[in-house]
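Undergrad: Give me the fold of what follows.
(one chain, ligands or ions: 1)
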Amino acid sequence: MLGEALGLPSQDLTSLYRGGFLHDIGKIGIPDAILFKRGMLTAEEWEVMRSHPALGEEICRPMRSLWPVLPIIRGHHERWDGSGYPDGLAGEEIPLLARILQVADIYDALTTERPYKLALAPDAAFAVMEEEVRRGWRDPELVPLFASIIQTHPSADLTSLEASLENMRVAVSR
Ligand SMILES: [Fe+2]
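TA: Predicted coordinates:
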């Protein structure tokens with residue numbers, strides 16, 4: 001929906017759709033002892049964890065149809081102020097599709113229950129994301145746009161979201 005709101009062409013929407021599934025695929029190369037560790041990771045373990053975007057890019061690169069998705073996979077942990085990884089890109093150097101995926105991914109993470117944390121309500125999640133914009137981490141235009149899209153499509157409207165995902169599924173499988 002964020003991609004649509006920005007008027008992106010259908011190839012980009014397809015890449016976002018695929019990136020939604022594939023951006024963390026590099027985690028299959030991360031040892032379970034790190035992936036499922038309870039509590040804080042050590043500096044060395046973080047180093048390994050931070051290899052998952054480049055690893056994912058490597059895994060997907062042999063598939064030509066996934067080439068447009070590679071910048072999403074590689075770039076989804078970059079930060080607007082250049083403090084992210086793996087390349088330390090800043091601002092619009094970070095591929096737009098990666099920035100879009102990241103905003104949706106963070107919202108999803110914040111509003112989903114995990115073994116180590118409760119799910120936040122949408123407004124609380126937006127507050128966290130706005131704080132991250134103030135810290136310089138996130139795209140200052142995409143985050144408010146995303147919040148306004150979600151607020152005008154409350155979860156009661158899930159059926160239309162499912163319908164649009166189904167359309168995408170059909171389009172991608174053609
Ligand atoms: Fe990731």
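
Undergrad: residue boundaries of the strands in the chain?
TA: Under the criterion DSSP state E, the chain contains no strands.

Undergrad: Cross-check the contact I'm expecting between Tyr85 and Gly75.
TA: No. In this structure, Tyr85 is not within contact of Gly75 by CB atoms under 8 Å, at 9.8 Å. All C-beta spots, glycine's among them, are computed from the backbone N, C-alpha and C.

Undergrad: Now do the shared contacts for these two.
TA: Pro53 (CB atoms under 8 Å, 6 or more residues apart in numbering).

Undergrad: So the two - more neighbours on which side?
TA: The neighbour comparison of Tyr85 against Gly75 (other CB atoms under 10 Å) goes to Gly75, with 26 against 19.

Undergrad: how about the nearest residue to the more buried one, chain neighbours excluded?
TA: Of all residues not flanking Gly75 in the chain, Ala98 sits nearest, at 3.1 Å (CB to CB, 6 or more residues apart in numbering).

Undergrad: cool, and Asp87?
TA: Glu78 (6.7 Å).

Undergrad: Backbone torsions only: list them for the one you found.
TA: phi -70, psi 160 (degrees, to the nearest 10).

Undergrad: In this structure Ser10 contacts Asn167, no?
TA: No. Using CB under 8 Å as the test, Ser10 is too far from Asn167 to be in contact (10.7 Å).

Undergrad: center of this protein, which residue is that?
TA: Most central in the chain under CA atoms, centre = their mean is Gln102, positioned 3.0 Å from the mean C-alpha point.

Undergrad: and the gap between it and Pro115?
TA: Per CB to CB, to the nearest Å, Gln102 is found 23 Å from Pro115.

Undergrad: Okay, now the unreliable bits of this structure?
TA: The model of the chain has pLDDT under 70 over residues 154-161, 174.
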